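Trainee: here is a sequence with its predicted model. Questions after.
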There are 2 protein chains.
Amino acid sequence: MPQKSPLDGASRTDVPGPATAELPAAAPGLRERRRRQTRTEISQAALRLFQEYGVDATTVDGIAHAAGISQRTFFRYFTSKEEAALPAHQDFDAALEAGLLTIDPAGNPREELERVYQQVMQGYADNDAPQARSMLLVNQLIRKEPLLKAALLKHNATRTTGLVDALTDRFGRDGVSDLQIRLAFETCAAVVRVAFEVWVTRREAGRDDNLPDIYASARQLAH
Amino acid sequence: MPQKSPLDGASRTDVPGPATAELPAAAPGLRERRRRQTRTEISQAALRLFQEYGVDATTVDGIAHAAGISQRTFFRYFTSKEEAALPAHQDFDAALEAGLLTIDPAGNPREELERVYQQVMQGYADNDAPQARSMLLVNQLIRKEPLLKAALLKHNATRTTGLVDALTDRFGRDGVSDLQIRLAFETCAAVVRVAFEVWVTRREAGRDDNLPDIYASARQLAH
DNA sequence: GCCATTATGGCAGATACTGCCACATTGGCA
DNA sequence: TGCCAATGTGGCAGTATCTGCCATAATGGC
């Protein structure tokens, strides 16, 4: 409940100069850079171990040791071992939130959301780019590991609540109900989820389909 | 992987007489009745404690004690404390599976699925019937408890895999792709999820809207 | 170079969950 | 009716997750 809305944009518009530098987005800073580096090191260790031994057989102690930190420190970076495997999705979410800021409140919610998603998907068009490779790798893992899938769903559910509230404010006008917003969001998210699954399946089958195209056709099929 | 498909119906068509009686669905039997009773007693205890103290503050030991069993026995009935709160959804799932058996393989997947869901929803039309009351109560709890929401999503995700496979077999013909099935299922499920949420919200606000109507309008909005 | 802030690690403790074994209960069958 | 195999139950030990607390070390501003 006490979380701030993820779409108010304050974290990006505030603090033009260094100022108090409470938020890392504006001024990276040395400390923050180290922190991010540690975070990615943990994630890489986690992904490697998950791939090699499976999620069940991998312990937090093992991940922490592989990343060169203590267990206690691990839990200061991630709330669970599953979370450590989802940095690609956090990047995706960040891009999504940035895109949602460009939404036209006078437009049709469903169409606007689909436009934003399509735009974010473009960032994964090149299957050989690091962004796409990371995302593909994690999703392959998720496909085989119910625990990771559950963690992702939980992650999404948590975020969805805030996003729906923010969107409701943004679209706050007559003729657009809460039901409509929620519905648009959930159905869009469902199509995206399926697009990701199909992308992974086809890539594993050796095809070089790209994500934006799959999403586009899925979106069309859904109508 | 080694789970049997939930839609092959063998558990219902097999064993006309008592025979070996491996499955409880056909012949309830005394032992099975006791088992079910214990199961519902555990669930009721769990729901009561969750309501009163919250999910976090409720321990498995507490639930087990309230239900008059040991912790060890609890874990023979449910895999986690959150699972114990979802008997209403398991009933819903059972009704859904029964409905899916009536699907016309020659029909349109999306339309067939929506028909089945609509039919299952009818079982919750009377807000005062015990079925609807239980479902409403649990969903109120889920609304406030992220842990329960996560557990439900996990539960659904687990089931979805099997159902999609079964439906793919059933619709196995040219012109119906795996993508189409998966998409139909996910989008239908999304609409259902929203319908439940809206139902709970409106009932809590004092309105006496009923579930099938909400679902029908949500379905219409989604198109 | 000093000091407030912050990151880290170690430890204890609560809880979740599982495997194993002993015992009790049950239901079928001679 | 009484025996036997199958099944349910409880206790116990052990592992893993996750958190609070405190001492210590590193950092960055002044």
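Mentor: On my side now, so go ahead.

Trainee: for the rest of this, base every contact and every neighbour count on C-alpha atoms.
Mentor: OK.

Trainee: can you tell me the helix or strand for A:A46?
Mentor: helix A:30-53 (DSSP states H and E).

Trainee: kindly report the same for A:R202.
Mentor: When secondary structure is defined using DSSP H and E, the element that contains A:R202 is helix A:178-204.

Trainee: elements contacting the helix or strand just after that helix?
Mentor: Scanning the chain past helix A:178-204 towards its C-terminal end, the next helix or strand to appear is helix A:211-222 (assignment: DSSP H and E). Applying 3 or more CA pairs under 8 Å, 6 or more residues apart in numbering or on different chains; DSSP states H and E, one finds that helix A:211-222 makes contact with helix A:109-121, helix A:178-204, helix B:178-204.

Trainee: let me have those helices in JSON lines, extended by distance to DNA strand C, mean pLDDT and mean neighbour count.
Mentor: Formatted as JSON lines, those follow (distance: least, CA to the nearest atom of the strand, whole Å; pLDDT from 0 to 100; neighbours: other CA atoms under 10 Å in any protein chain shown):
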{"stretch": "helix A:109-121", "distance to DNA strand C": "30", "mean pLDDT": "96", "mean neighbour count": "19"}
{"stretch": "helix A:178-204", "distance to DNA strand C": "26", "mean pLDDT": "94", "mean neighbour count": "21"}
{"stretch": "helix B:178-204", "distance to DNA strand C": "24", "mean pLDDT": "94", "mean neighbour count": "21"}
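
Trainee: for A:A64, find the nearest of these.
Mentor: With distances scored as CA to CA, the stretch of the helices and strands packed on helix A:211-222 nearest to A:A64 is helix A:178-204 (28.6 Å).

Trainee: any idea which residue is closest to the centre of chain A?
Mentor: Taking CA atoms, centre = their mean as the criterion, A:H89 is the residue nearest the geometric centre of chain A, at 2.9 Å.

Trainee: my read: that residue touches A:L136, true?
Mentor: No - taking contact to mean CA atoms under 8 Å, the distance of 10.6 Å between A:H89 and A:L136 leaves them out of contact.

Trainee: list the buried ones in stretch A:117-136?
Mentor: Buried residues in stretch A:117-136, counted by 16 or more other CA atoms under 10 Å in any protein chain shown: A:117-118, A:120-121, A:123-127, A:131-132, A:134-136.

Trainee: so which of those are also by DNA strand D?
Mentor: With CA under 7 Å from any atom of the strand as the criterion, these include none near DNA strand D.

Trainee: which one among those residues gets closest to DNA strand C?
Mentor: For DNA strand C, the nearest member of those is A:S134. The distance, counting by CA to the nearest atom of the strand, is 23.6 Å.

Trainee: shaky segments in chain A?
Mentor: For chain A, the stretches with pLDDT under 70 are A:1-28, A:173-174.

Trainee: what does it put close to chain B?
Mentor: Applying CA under 8 Å from any CA of the partner chain, we find that chain A lies next to chain B at A:146, A:149-150, A:153-154, A:157-158, A:179-180, A:182-184, A:186-187, A:190-191, A:194, A:198, A:218, A:221-223.

Trainee: so which bits of stretch A:33-51 are buried?
Mentor: Of the residues in stretch A:33-51, those with enough neighbours to count as buried (16+ other CA under 10 Å) are A:38-47, A:49-51.

Trainee: ok now it, how far from the chain's centre?
Mentor: 16 Å (CA atoms, centre = their mean, to the nearest Å).

Trainee: that stretch near DNA strand D at all?
Mentor: No - applying CA under 7 Å from any atom of the strand, one finds stretch A:33-51 separated from DNA strand D by no less than 7.5 Å.

Trainee: if we can go back for a sec, gap between the helix holding A:A46 and the chain center?
Mentor: Centroid separation for helix A:30-53 versus its chain: 16 Å, with CA atoms, centre = their mean.

Trainee: residues of chain A that sit close to DNA strand C?
Mentor: Where chain A comes near DNA strand C, counting by CA under 7 Å from any atom of the strand, the residues are A:R31, A:R35, A:T38, A:G68, A:I69, A:S70, A:Q71, A:R72, A:T73, A:R76.

Trainee: what two of the residues you listed are the furthest from one another?
Mentor: A:R31 and A:Q71 (20.5 Å).

Trainee: those two: who's more crowded?
Mentor: More neighbours surround A:Q71 than the other of A:R31 and A:Q71, with 15 against 10 (other CA atoms under 10 Å in any protein chain shown).

Trainee: tell me what the helix or strand hosting A:L141 is packed against?
Mentor: Secondary structure from DSSP H and E places A:L141 in helix A:130-144. Helix A:130-144 sits against helix A:30-53, helix A:87-100, helix A:146-170, helix A:178-204, with contacts defined as 3+ CA pairs under 8 Å, 6+ apart.
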